[in-house]
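# After the sequence you'll find the predicted model.
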Amino acid sequence: MKELSRMTLGTVQLGLNYGIANSEGKPNTEKAYAILDKAIDTGVNCLDTASGYGDSEKVIGSWMKNREFNRGSVSIVTKFKLGDIDTDDVEYELIGSVERSLVNLGTDYVDYLLMHDASEYEKYGKEIDGAIKKLMKQGCIKSAGASGYDYDGIKNIINNDMYTAFQIPVNMIDQRLTDKEIEGLKSKTVFARSVYLQGLFFMNTQQLFGNLKEIAPFVQKIRKIADEFNYSVARLAMGYVNSLSYVDSLVIGADNPGHVSDNAKLLSHPKFAGDMLHKIKTELKGAPDWLFYPMLWDKKEG
């Protein structure tokens, strides 16, 4: 498996209107291609998508074909979701999902296949194991793992040696991982997502609505720390996650090519020293757990 670039381009924005702070909406084909081109130009060698991301897989597939792209030079992460189905149908549905993803992507393998909903392993673990083994044997997938909202969701999967890659939310105010859990992740490939908590860190606190008003004090503290070191909020947020030893690659989306360049620049800064990490952890602790589950956020009315 090739070494991952520090940034993995998150491509949910290429297939859906996504992100609480996204004002640009889903890009057209030309803009989507420009975002992907810029990612490669800045050294990104991994793209993160999913069968549930609208037509994101198709956009990536058509871009690779259009650019006559060297498939071996980029890693692709995609994900499957089973939903509420009969146990007997798991293998058929899982393999079918992967086959559709391969057609959409215009490739004969994916580098990382993740369960999009890690909790499905509790229901269908044995059947998922069997289907993954078949897909690996056929060469359709190189590595497998899971995406989760927390460590609890992936802890049963982590102990299975067949699963080597995990995607979890990691950001300045999400401090749920214990030292022991972090130690367990160090032998795995860890993709960190939600570095900016879907853009909440950038929102004007006056614009926060419903239960999201509870994040206002944390947003204000983040700005205070950033100002203290003459950093932008983005540099502080990115610098924190980029400095964590257990993180292999940061999954970061972009609404336009400029965002890709900006994010690449942020990742080029030196990593934070231990005292800076300690300061961020200490001053930003105490956020309520529900905040890390976007499905629990109040939706804006009207």
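Perfect, thanks for sending it.

# who's in contact with stretch 60-75?
Residues outside stretch 60-75 that contact it (C-beta atoms under 8 Å, 6 or more residues apart in numbering): 1-2, 4, 11, 14, 29, 32-33, 36-37, 40, 45-47, 49, 76, 104-107, 111-112. Every C-beta, even on glycine, is put in place using the N, C-alpha and C of the backbone.

# Selecting buried members of these in ChimeraX, what would you type?
This is how ChimeraX selects the buried members of these, with burial counted by 16 or more other C-beta atoms under 10 Å:
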select :4,11,14,32,33,36,40,45,46,47,49,76,104,105,106,107,111,112
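
# Among the contacts of stretch 60-75, which lie within strands?
Secondary structure defined by DSSP state E assigns 46, 47, 76, 111, 112 of the contacts of stretch 60-75 to strands.

# Adding pLDDT and distance to residue 165, write those residues out as TSV.
Conversion of those to TSV gives the following (pLDDT from 0 to 100; distance: C-beta to C-beta, whole Å):
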residue	pLDDT	distance to residue 165
46	98	11
47	98	14
76	98	12
111	98	9
112	98	5
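
# Kindly reformat those as TSV containing distance to residue 60.
Written out in TSV, the entries for these read as follows (distance: C-beta to C-beta, whole Å):
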residue	distance to residue 60
46	12
47	6
76	7
111	13
112	14
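
# Nearest to residue 265, out of those: which one, please.
Sorting those by distance to residue 265 puts residue 46 at the head of the list, at 18.3 Å, by C-beta to C-beta.

# Correct me if wrong: that closest one contacts residue 9.
Yes: proximity of residue 46 to residue 9 meets the contact threshold set by C-beta atoms under 8 Å, at 7.2 Å.

# Dig out what residue 113 forms beta bridges with.
For residue 113, the beta-bridge partners under DSSP bridges are residue 78, residue 144.

# Now do the SS call for residue 134.
For residue 134, the secondary structure call by DSSP: H, G, I helix; E, B strand; the rest coil comes out as helix.

# Go ahead and confirm it touches residue 94.
No: taking C-beta under 8 Å as the contact criterion, residue 134 and residue 94 are not neighbours in contact, 9.2 Å apart.

# packing partners for the host helix or strand of residue 278?
Secondary structure here is read from DSSP states H and E; on that basis residue 278 sits in helix 274-283. Taking 3 or more C-beta pairs under 8 Å, 6 or more residues apart in numbering; DSSP states H and E as contact, the helices and strands that helix 274-283 lies on are helix 216-228, helix 233-242.

# Please write out the alpha-carbon positions of stretch 133-144 in PDB.
Coordinates of the C-alpha atoms in stretch 133-144 are reproduced here as PDB (Å, rounded to 0.1, in the frame of the first residue of the first chain):
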ATOM      1  CA  LYS A 133     -12.900 -11.900   2.300                       C
ATOM      2  CA  LYS A 134     -14.400 -12.800  -1.100                       C
ATOM      3  CA  LEU A 135     -13.900  -9.200  -2.400                       C
ATOM      4  CA  MET A 136     -10.300  -9.200  -1.200                       C
ATOM      5  CA  LYS A 137      -9.600 -12.600  -2.800                       C
ATOM      6  CA  GLN A 138     -11.000 -11.300  -6.100                       C
ATOM      7  CA  GLY A 139      -8.700  -8.200  -5.900                       C
ATOM      8  CA  CYS A 140     -11.700  -5.800  -5.800                       C
ATOM      9  CA  ILE A 141     -10.500  -4.200  -2.600                       C
ATOM     10  CA  LYS A 142      -7.000  -3.900  -1.100                       C
ATOM     11  CA  SER A 143      -8.000  -2.900   2.500                       C
ATOM     12  CA  ALA A 144     -11.100  -2.800   4.500                       C
END
